[in-house]
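Colleague: Quick one, fold the following:
(one chain, ligands or ions: 1)
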Amino acid sequence: MTDFPSPSDRPKTAHSAAFRLFRPIFFAVGAIGATVGAVIVIHHQAETQIAAATPPSAPALPSIALPDPEPVPPITTADFKGFDLKPADQQADAEPPASDRYELTLRLERGDTVEKVLADINVPEADRKQIDAALKALLKKRRLAVGESIDLQLQTMSDQPDAPRVLTLSIRPQPQREYIVTRRDDGSYEALEKIYQVRPRIVRVDAVRRGSLQQSGMKAGAPTAAILEFIRALSYDVDFQRELKEGQHFTLLLEQQVTSDGHVADPGRLLAGELRLTNRTITVMRFRPQGGADGFYDPKGESVVRSFLRTPMDASHITSGFGMRMHPIMGFSAMHTGVDFGAPIGTPIFAAGAGKVVTAGSNGGYGIFVKLQHTSQIGTGYGHMSRLGPGIRPGVSVRQGQVIGFVGSTGLSTGPHLHYEFYRNGHPVNPLAQKFAMRAVVGGKDLARFRVLSRQYLNELKNAPPIAEASAPAKAKENSQFARDE
Ligand SMILES: [Zn+2]
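Modeller: Down below sits the predicted model:
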């Protein structure tokens, strides 16, 4: 079933083999329709001309007599076994042999109504009014979106080949909700709403980085929200500019929501992810501690979120480290109480963590300087700024990553750079040595639960069904709905 033959000679709108047999008829009907359409258009545009130009023996309308195609085998129920259409099958016995059945998918355009769409394909007015009424009663005030697909099962009647009969009309605005209008034996239409059960399914997306992580992940089938969440979880630990390389592999573990008939209702929420860098592999997994919110943790249970950014600037490089050095201006050996990051004037400086501004303004050799207090013990300082960030003044609160100022060369400085200090209990310490110190850890009652989940995710990152395989049966089922063995 999954090995569906190439549909090279198969019309896109109708998948049935029966369509192929009757294609010449459709073309004839189409030609008639087109001609009638053309006549109507002309009629609208130039009423007088058409009256004068059309002789009584209108030459354009081709004869309704159908061309004789290759011999047509008798239609049996086997031809329609793909139809999931109980009422119509039952009525097939009672009625004269059907001319043909086929399916058609149409889309609601801007300003369309279902009735208008049906009118466009020549469904008799009485039928389309009934269908419209039945559907309206079901939808109540819900509106169908532009672009919504309308799946039709149609039947061409031998006595009225240009006006197809609607056997069923189906609209599925959500994977778990389908509205179906079906023709009854007596020719009336009834509408019903079908609700599909939704259940979770765990799948794996294996991707190789070519270009951006986001594009590569999406190309491999991951939903945008999941890949963005993955990137955010990595961003505290991975230096994207230096550590990411072309060809690196990464894997996402997703929990999808799938309906009982294989439609994906939710393309997948990120459960875990793994990125294989040159020298290390980073694994993140979703966990919700008791009484807390969802977050991402490494397999040992440390939160990926750091209280402090790796560096308070983008695209910076260290020009002077923490410790004793020869002072470039003073000319003698002194303690360098921070780390210098070289960057062009005007580069934004971010608050390394959430906190309160305690100092903002000129401060001797530090030039324009900002000091933030994050906790009772921890503070950070930023020197030599060209100017302060918007709204930065003593007493205001800042969020992690908020712009608190811009790189400059004020105070005792030989060139544009940020002098960054990190304080513990008021004493400057090496900021680069603090980076692993402040992560939340899963603990207490949560730990046992996390360990089970962590083992499960690590296993599933390797062994869960790949997303392409998991989705394939549903797709094949859709495509072959009206196919039969050929
Ligand atoms: Zn410095």
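Colleague: In the protein, which residue sits nearest the ion?
Modeller: residue 419 (3.4 Å; CB to the ion). C-beta here means a position set from N, CA and C on the backbone, and glycine is covered the same way.
Colleague: surely residue 166 meets residue 118?
Modeller: Yes. Using CB atoms under 8 Å, residue 166 is in contact with residue 118, at 6.9 Å.
Colleague: what residues are shared contacts of these two?
Modeller: 127-128, 131 (CB atoms under 8 Å, 6 or more residues apart in numbering).
Colleague: Inside helices: which ones of those residues?
Modeller: 127-128, 131 (DSSP state H).
Colleague: For residue 347, which non-adjacent residue is spatially closest?
Modeller: residue 407 (4.2 Å; CB to CB, 6 or more residues apart in numbering).
Colleague: For the helix or strand where that neighbour lies, name the packing helices and strands.
Modeller: Using DSSP states H and E, the element containing residue 407 is strand 403-407. In terms of contacts (3 or more CB pairs under 8 Å, 6 or more residues apart in numbering; DSSP states H and E), strand 403-407 is packed against strand 348-350, strand 368-373, strand 378-388.
Colleague: Kindly indicate whether residue 216 is helix, strand or coil.
Modeller: On the three-state scheme (DSSP: H, G, I helix; E, B strand; the rest coil), residue 216 is labelled helix.
Colleague: Return the residues in contact with it.
Modeller: 207-210, 250.
Colleague: Can you tell me which of the residues you listed are buried?
Modeller: In those, burial by neighbour count holds for 207, 209, 250, counting by 16 or more other CB atoms under 10 Å.
Colleague: wait, doesn't the first one sit right on residue 220?
Modeller: What that stands for is residue 207. Yes. Counting by CB under 8 Å, residue 207 does reach residue 220; the two are 3.6 Å apart.
Colleague: Contacts only, for residue 305.
Modeller: With CB under 8 Å, 6+ apart, residue 305 has these contacts: 236, 295-296, 439-440.
Colleague: Which ChimeraX command selects the buried ones in those?
Modeller: Command for ChimeraX, covering only those of the contacts of residue 305 found buried under the criterion 16+ other CB under 10 Å:
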select :236,295,296,439,440
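Colleague: From residue 237, how far out is residue 205?
Modeller: 20 Å (CB to CB, to the nearest Å).
Colleague: In terms of neighbours, single out the busier of the two.
Modeller: residue 205 (26 against 20; other CB atoms under 10 Å).
Colleague: Can you spell out which residues form a bridge with the more buried one?
Modeller: Applying DSSP bridges to residue 205 yields these beta-bridge partners: residue 252.
Colleague: Quick check: pLDDT value at it.
Modeller: Listed pLDDT for residue 205 reads 97.
Colleague: Check whether residue 281 really touches residue 274, as I assumed.
Modeller: Yes. The pair residue 281 / residue 274 is scored as a contact, 6.2 Å apart, by CB under 8 Å.
Colleague: Neighbour count for those two, which is higher?
Modeller: Per other CB under 10 Å, whichever of residue 281 and residue 274 has more neighbours is residue 274, with 22 against 10.
Colleague: could you pull out the strands for the stretch 201-350 of the chain?
Modeller: Assigned by DSSP state E, counting those that start in this stretch, the strands in the stretch 201-350 of the chain fall at 249-259, 264-276, 281-287, 295-297, 302-306, 317-320, 323-326, 333-336, 339-342, 348-350.
Colleague: May I see the buried residues of the longest one?
Modeller: If I follow you right, that is strand 264-276. Applying a neighbour-count criterion of 16+ other CB under 10 Å, one finds 264, 266-275 buried in strand 264-276.
Colleague: possible to save those residues as a markdown table with distance to residue 429 and pLDDT?
Modeller: Output for the buried residues of strand 264-276, formatted as a markdown table (distance: CB to CB, whole Å; pLDDT from 0 to 100):
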| residue | distance to residue 429 | pLDDT |
| --- | --- | --- |
| 264 | 51 | 89 |
| 266 | 46 | 90 |
| 267 | 45 | 91 |
| 268 | 43 | 92 |
| 269 | 39 | 95 |
| 270 | 35 | 97 |
| 271 | 37 | 97 |
| 272 | 34 | 98 |
| 273 | 33 | 98 |
| 274 | 33 | 97 |
| 275 | 30 | 97 |
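Colleague: Can you lay out these as JSON lines showing distance to the ion?
Modeller: As requested, the buried residues of strand 264-276 are exported to JSON lines (distance: CB to the ion, whole Å):
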{"residue": "264", "distance to the ion": "54"}
{"residue": "266", "distance to the ion": "50"}
{"residue": "267", "distance to the ion": "48"}
{"residue": "268", "distance to the ion": "47"}
{"residue": "269", "distance to the ion": "44"}
{"residue": "270", "distance to the ion": "40"}
{"residue": "271", "distance to the ion": "43"}
{"residue": "272", "distance to the ion": "40"}
{"residue": "273", "distance to the ion": "37"}
{"residue": "274", "distance to the ion": "38"}
{"residue": "275", "distance to the ion": "33"}
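Colleague: Look at residue 445 and report its pLDDT.
Modeller: So residue 445 comes in at 86 (pLDDT).
Colleague: can you tell me how far the nearest residue to it once chain neighbours are set aside sits from residue 280?
Modeller: Closest residue in space to residue 445, ignoring its immediate chain neighbours: residue 290 at 6.2 Å, by CB to CB, 6+ apart. Per CB to CB, residue 290 is found 31 Å from residue 280.
Colleague: Over to residue 235?
Modeller: 16 Å.
Colleague: neighbour-wise, which of those two wins?
Modeller: Set residue 235 next to residue 280 and count neighbours by other CB under 10 Å: residue 235 wins out with 15 against 10.
Colleague: Model confidence at that one, what's the number?
Modeller: pLDDT, residue 235: 77.
Colleague: same deal with the one 4 residues further on?
Modeller: At residue 239 the predicted local distance difference test score is 77.
Colleague: Tell me how far residue 337 lies from residue 383.
Modeller: For residue 337 relative to residue 383 (CB to CB), the value is 10 Å.
Colleague: Mutual contacts of these two, please.
Modeller: residue 421.
Colleague: quick one: which of these two has more around it?
Modeller: Counted by other CB under 10 Å, residue 337 and residue 383 do not tie: residue 383 has more neighbours, with 27 against 16.
Colleague: For that one, list each beta-bridge partner.
Modeller: Note on residue 383: beta-bridge partners residue 419, judged by DSSP bridges.
Colleague: Equivalent analysis for residue 101, please.
Modeller: Bridge pairing for residue 101 - DSSP bridges - gives residue 155.
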